[in-house]
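# show me how the following folds:
(chains A and B)
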2 protein chains.
Amino acid sequence: MAGEIVALAGGIGAARFLEGLVAVAPPERLVVIGNTGDDLELHGLYICPDLDTVAYTLSGNVDPEQGWGMAGDTFSCLEALARFGAETWFRLGDRDLATHLFRTELLRSGLPLSEVTRRIAEALGVRARLLPATDQRCRTRIQTDAGVLDFQVYFVQRKAEDRILDIIFDGAGQARPAPGVLEAIHGASVVIVCPSNPLISIGPILAVPGIRQAVCETGARVAAVSPIVVGRALNGPADRMMRSVGLRPSAAQVAELYRDFIDVFVLDRLDEAEAGEIEAMEVKTVLTDTIMKDQQAKVSLAQATLRALEP
Amino acid sequence: MAGEIVALAGGIGAARFLEGLVAVAPPERLVVIGNTGDDLELHGLYICPDLDTVAYTLSGNVDPEQGWGMAGDTFSCLEALARFGAETWFRLGDRDLATHLFRTELLRSGLPLSEVTRRIAEALGVRARLLPATDQRCRTRIQTDAGVLDFQVYFVQRKAEDRILDIIFDGAGQARPAPGVLEAIHGASVVIVCPSNPLISIGPILAVPGIRQAVCETGARVAAVSPIVVGRALNGPADRMMRSVGLRPSAAQVAELYRDFIDVFVLDRLDEAEAGEIEAMEVKTVLTDTIMKDQQAKVSLAQATLRALEP
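Residues are numbered from 1 along each chain as shown, chains lettered A, B, ... in the order given. Here you go, the predicted structure:
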């Protein structure tokens, strides 16, 4: 199979899946469209947690235990910042800080996020192309009992414990796909929605006007990999969030959210009972092991996904 | 002796002297007016090397070996920045970076440098008052054979090896003394010019319109401590710089530069031969040990200076 593989990606789950993907397909064929809804500004720095998780993972820099941040990083700067009363709930490592300093300086100089992301990925040694969904500011906010919270406040500072009333993509109406995003989707050989939270990782990407439509209209076959196994999120709070907004935390529910554009849905063997419901949406199902406990599991999942997308 | 002690201070030499001073006088009596001519912007951060050296020293945070930066600091962020092609000749430690992040964010929020400096000093535990000479941008630039260089480029990146043709205080004409500076000088009990480079540490302070005049006019007795011993700078390139601009690198020459406002000049016993020349300027001389090799030496120098200023 030739041509580009376009992946829509959130953070940790997506990055782990992509690690498997670049082991079975040339990374140069891969275009990753990353979520920027989680971006935040802290200590005067512009931080892109999901883009960085993907870049650190694909360049072999990621902390393998936590799945984000730089391996072996230290937190001396953050500890020193605490003396100034700065907020330290968002864990920024010393090596990680360099990425944010570099990004912030380039953005302030007037470069768009897509170009800055390209330079960061290149400097780190990422061989795949990494694109932010948009160069505009489009931020995920969570409406809760405690008010409307910035995503990272909800997610990291308050540990995703508030009840969710609504999810808001603030600025989505004015956002445009970053240069190359629509072209990549239209010209792709295959499109894969990574096993990421459909609401707050893939949702903000699809909320950028034009992207969902492009995924619907592309001639490429489109697959999604379930981030839910037996009602539980592989990673993060997707299950609780889905329940909060009145959705079932299930593979079939995720497929339902994507049914307007997917041809293939990859779910865990443990969810075999849901395959019929998904097939009834005229979506082909692939049952496999989706829990990425080691590199071999990542590779197998990527292989199974690519195989299902073959014409 | 009651009332405020006002000190004009550069970096390392001044900080060491002030360490002795706060051991013999209550730090709450001390107002330090610091040099901001060395300030620079790097990696999008606003850095005040001299103010930080004073603050780190007076709060017990300074690296005692090098005399600047934080004790036991690490350089992980800087090493990571190097991967992005960022300049790393200016050594920013991980803990040190927190100060610059905090400062930069507050300055961007619109606070003046004097208020930001107050907050940094307070957070670090500095008991003396630390004031920048000015809140305005006034930068020392060095005209050399190789062109006009920003001070830190000349000093750190190029190791002060270029021949100096001129020293420029860029922006001095438009600068105003920071709030409290003139009041402190006018109301002082005594004023001390620390053993700092007269050209590029004390010079930029005195170049802010109104400050030199205030030091001339204050009712307080004014002393200066020589940064030169037997023709050599105690610290840094003052001797070479003085020679470069056609001055003798000598204690008497430093006294000459300050003769319009000093009552007392403190110089090393080794320079006893120069005392007559200085006395001829109608400046009282104090011969003592000025090499601050340990805390006792710093304390003795501070004591000798204060004693000479007694009415």
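# state the pLDDT value of the closest residue to A:F17 other than its chain neighbours.
Among residues not flanking A:F17 along the chain, A:C194 sits closest, at 4.8 Å (C-beta to C-beta, 6 or more residues apart in numbering or on different chains). Every C-beta, even on glycine, is put in place using the N, C-alpha and C of the backbone. Note on A:C194: pLDDT of 98.
# quick check: A:C194 touching A:A7?
Yes - the pair A:C194 / A:A7 is scored as a contact, 5.5 Å apart, by C-beta atoms under 8 Å.
# residues that sit against both of those two, list them.
A:14, A:17-18 (C-beta atoms under 8 Å, 6 or more residues apart in numbering or on different chains).
# which one of these sits in the busiest neighbourhood?
The most crowded member of the shared contacts of A:C194 and A:A7, judged by other C-beta atoms under 10 Å in any protein chain shown, is A:A14 (31 neighbours).
# ok, that one touching A:C194?
Yes - taking contacts as C-beta under 8 Å, A:A14 lies within contact range of A:C194: 3.5 Å.
# tell me, what's touching these two both at once?
When contacts are counted by C-beta under 8 Å, 6+ apart, A:A14 and A:C194 are jointly contacted by A:A7.
# A:F84 and A:T218, how far apart?
Counting by C-beta to C-beta, to the nearest Å, the gap from A:F84 to A:T218 is 49 Å.
# mean confidence for stretch A:236-244?
Here the average pLDDT along stretch A:236-244 is 90.
# that one: how far from the chain's middle?
Taking C-alpha atoms, centre = their mean, to the nearest Å, the mean C-alpha location of stretch A:236-244 is offset from the chain mean by 16 Å.
# repeat that for stretch A:123-137.
12 Å.
# can you check stretch A:30-49 too?
How far stretch A:30-49 lies from its chain's middle: 10 Å, per C-alpha atoms, centre = their mean.
# ok, that stretch near chain B or not?
Yes - counting by C-beta under 8 Å from any C-beta of the partner chain, chain B has neighbours in stretch A:30-49: A:43-45.
# ends of that stretch, what's the gap?
Using C-alpha to C-alpha, to the nearest Å, the end-to-end distance of stretch A:30-49 comes to 20 Å.
# who in chain A is up against chain B?
Residues of chain A lying close to chain B (C-beta under 8 Å from any C-beta) are A:43-45, A:70, A:73-74, A:76-81, A:83-86, A:93-99, A:101-102, A:104-105, A:108, A:119-120, A:123-124.
# in ChimeraX, how would I select the buried members of those residues?
To isolate the buried subset of the residues of chain A next to chain B in ChimeraX, counting by 16 or more other C-beta atoms under 10 Å in any protein chain shown, use the following:
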select /A:43,44,45,70,73,74,76,77,78,80,81,83,84,86,93,94,95,96,97,98,99,101,102,104,105,120,123,124
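# of the residues of chain A next to chain B, which belong to strands?
In strands, defined here by DSSP state E, the members of those are A:L45.
# contacting residues around the residue in the stretch 201-311 of chain A that chain B sits nearest to?
Among the residues of the stretch 201-311 of chain A, A:Q295 lies closest to chain B, at 24.5 Å counting by C-beta to the nearest C-beta. Contacts here follow C-beta under 8 Å, 6+ apart; on that basis A:Q295 touches A:19-20, A:23.
# and what of A:C77?
A:C77 touches A:92, A:94, A:97, B:77, B:94-95, B:97-98, B:101, counting by C-beta under 8 Å, 6+ apart.
# next, format the residues you listed as CSV and append distance to B:V208.
What follows is those, written out as CSV (distance: C-beta to C-beta, whole Å):
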residue, distance to B:V208
A:L92, 37
A:D94, 36
A:L97, 34
B:C77, 33
B:D94, 33
B:R95, 30
B:L97, 28
B:A98, 28
B:L101, 27
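# show me those residues that map onto helices.
Judged by DSSP state H, the contacts of A:C77 include A:94, A:97, B:77, B:94-95, B:97-98, B:101 as members of helices.
# name the nearest of the residues you listed relative to A:G231.
Within the ones in helices among the contacts of A:C77, the smallest distance to A:G231 is 37.7 Å, found for A:L97 (C-beta to C-beta).
# tell me where chain A has strands.
Going by DSSP E, chain A shows strands at A:5-9, A:30-34, A:40-42, A:45-47, A:129-132, A:139-144, A:147-150, A:164-170, A:190-193, A:221-225, A:228-229, A:232-233, A:264-268, A:284-288.
# any idea which of those gets closest to B:A255?
Short answer: strand A:45-47, nearest of the strands of chain A by C-beta to C-beta, at 47.4 Å.
# nearest spatial neighbour of the closest residue to chain B within the stretch 151-300 of chain A, skipping sequence neighbours?
Chain B sits closest to A:Q152 of the stretch 151-300 of chain A, with a gap of 16.9 Å, by C-beta to the nearest C-beta. Closest residue to A:Q152 apart from its sequence neighbours, by C-beta to C-beta, 6+ apart: A:L40 at 4.7 Å.
# now for the one you found: which residues touch it?
Contact analysis of A:L40 by C-beta under 8 Å, 6+ apart lists A:47, A:49, A:90, A:150-152.
# which of those residues count as buried?
So, by 16+ other C-beta under 10 Å, the buried ones in these are A:47, A:49, A:90, A:150-152.
# wait, which of the residues you listed is closest to B:T57?
A:F90 (31.2 Å).
# tell me where the stretch 51-200 of chain A has helices.
For the stretch 51-200 of chain A, helices defined by DSSP state H, counting those that start in this stretch occupy the ranges A:76-83, A:94-108, A:113-124, A:151-152, A:181-187.
# of the ones you listed, which is nearest B:L130?
Of the helices of the stretch 51-200 of chain A, nearest to B:L130 by C-beta to C-beta is helix A:76-83, at 16.0 Å.
# what's the burial count for the residue nearest to A:V230 when sequence neighbours are not counted?
Distances taken as C-beta to C-beta, 6+ apart put A:L270 closest to A:V230, at 5.1 Å, once the chain neighbours are dropped. Residues lying near A:L270 (other C-beta under 10 Å) number 15.
# so what pLDDT did A:L270 get?
In the predicted model, A:L270 carries a pLDDT score of 96.
# check the one 4 residues further on too.
In this model, A:E274 is scored at 96, pLDDT.
# test my guess that it contacts A:A251.
Yes - using C-beta under 8 Å, A:E274 is in contact with A:A251, at 5.1 Å.
# list residues touching both of the two?
Common neighbours of A:E274 and A:A251, using C-beta under 8 Å, 6+ apart, are A:L267.
# more crowded one of the two?
For A:E274 versus A:A251, neighbours defined as other C-beta under 10 Å are more numerous around A:A251 (30 against 24).
# and for chain A, the residue most distant from the center?
Farthest-out residue of chain A from its mean C-alpha position, per C-alpha atoms, centre = their mean: A:R83, at 33.4 Å.
# so what's that residue up against?
Applying C-beta under 8 Å, 6+ apart to A:R83 gives the contacts B:98, B:123-124.
# and A:Y46, by the same measure?
Contact analysis of A:Y46 by C-beta under 8 Å, 6+ apart lists A:39, A:100, A:103-104, A:107.
# beta partners for it?
Residues found in beta-bridge contact with A:Y46 (criterion: DSSP bridges) are A:E41.
# report how many residues lie close to the closest residue to A:E277 other than its chain neighbours.
Among residues not flanking A:E277 along the chain, A:A252 sits closest, at 4.5 Å (C-beta to C-beta, 6+ apart). A:A252 has 22 neighbours, counted by other C-beta under 10 Å.
# same check on A:S109?
The number of residues packed near A:S109 is 9, by other C-beta under 10 Å.
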